[in-house]
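S.K.: Give me coordinates for this.
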Amino acid sequence: MSLAMAEDEELFGTEEEYTEVTRVRLPDKRQAELFGIADQLLGGSRLKVMCEDGISRMARIPGKMKRRMWIREGDLVIVKPWEFQSDKADVVWRYTKTQAQYLSRKNMVPKSIDVFSS
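M.R.: Residues are numbered from 1 along each chain as shown. Down below sits the predicted model:
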């Protein structure tokens, strides 16, 4: 082993130390974010979401997100439950169909809400 390779291993570590990097956003557990499936659109930028913890919540779509992307029934979303009313939540992120299938293949979506597995 050459001196340059030894220095590289000291600086960057060996290949076994690297973990797989996901290229999509995941729920931040420190912020109490959860995966959810959009069940029913209620109108007025509100929808019913079945969350990974088994609770069906009424979620609202913030205006910033409402203008950029549409949410349809069956979409995988990240929701953040309200601290003072646990049966309500805010939608934080919506995955595209391709991203949801990728997460399902990598077993990152809980089995309770995984509707994307083939």
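
S.K.: My guess is residue 47 contacts residue 71. True?
M.R.: Yes - Residue 47 lies in contact with residue 71 (Cβ atoms under 8 Å); the separation is 6.5 Å. Heads up, the C-betas are built off the backbone N, CA and C, glycines and all.

S.K.: Mind listing the shared neighbours of these two?
M.R.: 38, 41, 61, 91 (Cβ atoms under 8 Å, 6 or more residues apart in numbering).

S.K.: Can you lay out those residues as a markdown table showing neighbour count and pLDDT?
M.R.: Shown next, in a markdown table, are those (neighbours: other Cβ atoms under 10 Å; pLDDT from 0 to 100):
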| residue | neighbour count | pLDDT |
| --- | --- | --- |
| 38 | 21 | 94 |
| 41 | 15 | 92 |
| 61 | 21 | 91 |
| 91 | 23 | 95 |
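
S.K.: Show me which pair in those residues is furthest apart.
M.R.: Pairwise distances across those (Cβ to Cβ) peak at 11.8 Å, for the pair 41 and 91.

S.K.: mind checking which helix or strand residue 37 is in?
M.R.: In this structure, residue 37 sits in strand 34-41 according to DSSP states H and E.

S.K.: Against residue 84, how distant is the closest residue to residue 115 other than its chain neighbours?
M.R.: Leaving aside its sequence neighbours, residue 115 sits nearest to residue 37 (Cβ to Cβ, 6 or more residues apart in numbering; 6.3 Å). Residue 37 sits 24 Å away from residue 84 when distances are taken as Cβ to Cβ, to the nearest Å.

S.K.: I'm done for today, thanks for sticking with me.
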